[in-house]
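Undergrad: need coordinates for the following:
(2 chains)
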Amino acid sequence: MARALAFYPGCSLESTGVMYHASVRSTLQALGLSARELDDWNCCGATSAHFVDPELAIVLPARNLALAEAQGVDLLTACAACHHRLAVADHELRTSEAMADRARALGVSYHGGVRVRHVLSLLDDAGLAGKVRRPLAGLRVACYYGCLLVRIPKAGGIDDPEDPSIMERVVRACGAEVAPWQARTWCCGASLAVPEPGIVQGLVRAITAEARAARADCIATVCPLCQLNLDLQQETAEDASEGRPPLPVVFITQLTALALGADPRRLGFERHIVDAGRIAGAAAVPGGGR
Amino acid sequence: MAPSEMRVAAVTPDRAWARAIERASGEPISLCYACGICSGSCPLASMMDLLPSRLMKAVQLGLRDRVGRAVSPWLCVACETCAVRCPNGIDVARVMDAVRHDAAAKRVSARPDVDAFHRWFLWTVRMFGRAHEGLLSAGYGLQQRRLRRDLPTGLVLLRRRRLALLPHLIRRRREIGRVFRQTVGRARTRGGAGG
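TA: Predicted structure coming up:
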């Protein structure tokens, strides 16, 4: 447990999910935790590698596990897809001698000595409630888990696949209110957004309608692709005649960073497509209360 | 299936193929008793031509051609809802993977456009070691002649500074190249699997 953590941001956190990256950094800093970036990390293959080739799907993420093992660190993830692929590769190489041999033949040697931790479970263990400086009082949050973080069939997800509660605990620790709703683990359609935007609009419409019915002020996500789909497809998906404003879609770490007192201007709220400015302003002034 | 569609067709079950899919997927396909939980849970079921549980049955029966032309495996996004709910512990998404890999090896795809998207994604990973969303969208949009349709989204993301212009290159790209060469091979990253 005393092993240092190295952060594995993943490709999306360098582009469409930059706000996730910034807010993970701010959150860790506010908690006094450090995690340097894993040196020379590569793409985990996301959904595309297993779509095309079963060995590529294991060996691409496994290279990062091997790097971490050689550097003597455990891995900290934020992106749900990265976490999923790293966990699957770790499980596969621990349990299949044949796959471990194959990976070695491809230049990737991993012996199962790395723990893959998601930032959400780190936050759950961090004693957040005692460190909050600006409670997010009055903010009603719909916690959206999506698929890949809780459903990792063989290796095991970070929480119960049907009824997870970890994100709700983190949101409550921030002083915010949890909106009970039923679309928490529904699928947003992932990368079908590019070849089949119509399908993804339909799925997003169903999810946001549930969040709205639960009177949420925003949806909190743990996956850059979920965030992008919900943020991007919402304007077009919502029935214009209803005349209701779209729901802001934030990363869970934007909320924790806010609550821990980080400067809202450094959390990327201006990069949201659905205006998230009112979420940035939701944190009460230190000591002021609301 | 509507009664009018039910007719007796001469189908030769390919049992060797069924066993090969079971082996490749690593899943106990023969345990499936068609309860239909996977189909009822699948977020893409309404878009599929062969529901997940029926695809499982078709694999059991060795209906290679029927499974080979199914759109379902190309629409599956591996959300894994089927896998966590299957009473027999079968990860149906992995069966979808195996069926798709089998078809692609024969250069057949029921949805070459979806296939092309994933191959363009992997092409950027192969080049740089990390995915690059800008080049992925440009390459895919040009090849599929849908750049005009996709461009507004790209511009929205650019305006919000959510697209990196330059790719992030890793140092030891050679290691990534080796993995790609010895798995998917030389000719099979960019573009589609045919179809």
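Undergrad: residue contacts, the spatially most central residue of chain B?
TA: The centroid of chain B falls nearest to B:Trp74 when counting by Cα atoms, centre = their mean (4.2 Å). By Cβ atoms under 8 Å, 6 or more residues apart in numbering or on different chains, the contact set of B:Trp74 is B:100, B:109-111, B:114-115. C-beta coordinates here come from the backbone N, C-alpha and C atoms, glycine included.
Undergrad: which of those residues tops the neighbour count?
TA: Neighbour counts for these, by other Cβ atoms under 10 Å in any protein chain shown, peak at B:Arg100, which reaches 27 neighbours.
Undergrad: for the residue nearest to the centre of chain B, which non-adjacent residue is spatially closest?
TA: B:Arg111 (3.7 Å; Cβ to Cβ, 6 or more residues apart in numbering or on different chains).
Undergrad: touching, the one you found and B:Leu75? I think so.
TA: Yes - if you go by Cβ atoms under 8 Å, B:Arg111 and B:Leu75 touch, sitting 6.9 Å apart.
Undergrad: apart from its neighbours in sequence, what residue is nearest residue 80?
TA: If you meant another chain, say so; for now it's chain A. A:Cys223 is the one closest to A:Ala80 (Cβ to Cβ, 6+ apart), at 3.6 Å.
Undergrad: chain B was what I was after
TA: A:Arg151 (3.8 Å).
Undergrad: what about the strands in chain B?
TA: For chain B, no strands are identified by DSSP state E.
Undergrad: quick one on the thing from earlier: show the pLDDT at the residue nearest to the centre of chain B.
TA: In this model, B:Trp74 is scored at 98, pLDDT.
Undergrad: for the one 4 residues further on, same thing?
TA: At B:Ala78 the predicted local distance difference test score is 98.
Undergrad: residue contacts, it?
TA: With contact set as Cβ under 8 Å, 6+ apart, B:Ala78 has these partners: A:47, A:50-51, A:147, B:93, B:96-97.
Undergrad: show me what contacts the residue nearest to the spatial centre of chain A?
TA: Centroid-nearest residue in chain A, with Cα atoms, centre = their mean: A:Val222, separated by 2.3 Å. Counting by Cβ under 8 Å, 6+ apart, A:Val222 touches A:78, A:80, A:118, A:120, A:144-146, A:149, A:167, A:251-252.
Undergrad: burial count for the nearest residue to B:Leu135 once chain neighbours are set aside?
TA: Nearest in space to B:Leu135, with sequence neighbours left out and distances taken as Cβ to Cβ, 6+ apart, is B:Thr124 at 5.2 Å. B:Thr124 has 23 neighbouring residues, counting by other Cβ under 10 Å.
Undergrad: do the same with B:Gln182
TA: Neighbour count of B:Gln182, defined by other Cβ under 10 Å: 15.
Undergrad: give me the phi and psi angles of it.
TA: The phi/psi pair for B:Gln182 (degrees, to the nearest 10) reads phi -90, psi 0.
Undergrad: got the contact list for it?
TA: Counted by Cβ under 8 Å, 6+ apart, B:Gln182 has contacts A:105-106.
Undergrad: what does B:Ala24 give?
TA: Neighbouring residues of B:Ala24 by Cβ under 8 Å, 6+ apart: A:54, B:98, B:101-102.
Undergrad: which one is B:Ser72 nearest to, not counting chain neighbours?
TA: B:Met48 (4.1 Å).
Undergrad: how about the helices in the chain?
TA: Picked chain A for this. Using DSSP state H, the helices of chain A run over A:18-30, A:46-52, A:54-71, A:80-95, A:97-105, A:119-124, A:166-173, A:197-213, A:224-237, A:252-259, A:277-280.
Undergrad: actually it's chain B I care about, not the one you picked
TA: Assigned by DSSP H, chain B shows helices spanning B:15-25, B:37-41, B:52-60, B:64-68, B:72-75, B:81-85, B:92-105, B:112-128, B:133-143, B:147-159, B:173-181.
Undergrad: compute the inter-axis angle for the third one and helix B:15-25.
TA: Spelled out, it's helix B:52-60. Per axes from the mean of the first three to the mean of the last three Cα atoms, to 10 degrees, the angle that helix B:52-60 makes with helix B:15-25 is 120 degrees.
Undergrad: from the contact counts, what lies against helix B:52-60?
TA: helix B:15-25, helix B:37-41, helix B:64-68, helix B:72-75, helix B:92-105 (3 or more Cβ pairs under 8 Å, 6 or more residues apart in numbering or on different chains; DSSP states H and E).
Undergrad: next: the last one.
TA: Based on contacts counted as 3+ Cβ pairs under 8 Å, 6+ apart, the elements that helix B:173-181 packs against are helix A:54-71, helix B:112-128.
Undergrad: switch those helices over to JSON lines; also include mean pLDDT and distance to A:Leu203.
TA: As requested, the helices and strands packed on helix B:173-181 are exported to JSON lines (pLDDT from 0 to 100; distance: least, Cβ to Cβ, whole Å):
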{"stretch": "helix A:54-71", "mean pLDDT": "98", "distance to A:Leu203": "24"}
{"stretch": "helix B:112-128", "mean pLDDT": "97", "distance to A:Leu203": "16"}
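Undergrad: out of those helices, which is closest to B:Ala34?
TA: helix A:54-71 (25.4 Å; Cβ to Cβ).
Undergrad: ok, and for the closest one, which residues are buried?
TA: A:54-69 (16 or more other Cβ atoms under 10 Å in any protein chain shown).
Undergrad: surely the residue nearest to B:Glu80 meets B:Val84?
TA: Yes - when contacts are counted by Cβ under 8 Å, A:Arg151 is listed as touching B:Val84 (5.1 Å).
Undergrad: and for these two, which residues touch both?
TA: Jointly contacting A:Arg151 and B:Val84 under the rule Cβ under 8 Å, 6+ apart are A:Pro161.
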